[in-house]
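Chemist: Attaching a predicted model along with its sequence, questions to come.
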Amino acid sequence: MKNISIQAEEELIDALERAAEIRSTTVDSVIREALRRYLQFEPAQAKAYSFIGIGHSGKRNLSTQVDALLAEAAQRREGWSLPE
């Protein structure tokens, strides 16, 4: 298990401490459970490109293939560029 640190308002910390006391557990346990529940309902979403569809390429199927084309051309360290 790894440690993380966060900053929070005093009201939030007080609420966490009350929740832990009511449940007879630790603040750490309450936070872990809250994070698990949050992540369960907030799945990671693929990055959406905001500029898609603002121009005309002359190709009829480009908009339906945009995700596949960008994923193929994208390089995490260098960005993306059109194939030569």
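Modeler: Nice, I can see it.

Chemist: The protein - how does it break down into domains?
Modeler: 10-41, 45-84 (automatic domain parsing).

Chemist: any idea which of the ones you listed scores lowest on pLDDT?
Modeler: Note on the domains of the chain: lowest mean pLDDT is at domain 45-84, with a mean of 64.

Chemist: Endpoints of stretch 16-35, how far apart?
Modeler: Stretch 16-35 has an end-to-end distance of 13 Å (criterion: CA to CA, to the nearest Å).

Chemist: which residues touch it?
Modeler: Ala8 (CB atoms under 8 Å, 6 or more residues apart in numbering). For glycine as for every other residue, the C-beta is placed from the backbone atoms N, C-alpha and C.

Chemist: what do you get if the cut-off is 10 Å, keeping everything else the same?
Modeler: 1, 3-4, 6, 8, 13, 15 (CB atoms under 10 Å, 6 or more residues apart in numbering).

Chemist: and the residues you listed as TSV, adding secondary structure, neighbour count and distance to Ile22?
Modeler: Formatted as TSV, these follow (DSSP: H, G, I helix; E, B strand; the rest coil; neighbours: other CB atoms under 10 Å; distance: CB to CB, whole Å):
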residue	secondary structure	neighbour count	distance to Ile22
Met1	coil	4	24
Asn3	coil	5	25
Ile4	coil	6	24
Ile6	coil	7	21
Ala8	coil	11	19
Ile13	helix	13	15
Ala15	helix	13	11
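
Chemist: would you turn those into TSV with distance to Ser24?
Modeler: Shown next, in TSV, are those (distance: CB to CB, whole Å):
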residue	distance to Ser24
Met1	21
Asn3	23
Ile4	24
Ile6	23
Ala8	22
Ile13	18
Ala15	16
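
Chemist: Looking at those residues, spot the one nearest Tyr38.
Modeler: Ile6 (13.3 Å; CB to CB).

Chemist: What about that closest one? Give its phi and psi, please.
Modeler: The phi/psi pair for Ile6 (degrees, to the nearest 10) reads phi -130, psi 160.

Chemist: who touches it in this structure?
Modeler: Contacts of Ile6 by CB under 10 Å, 6+ apart are 12-13, 31.
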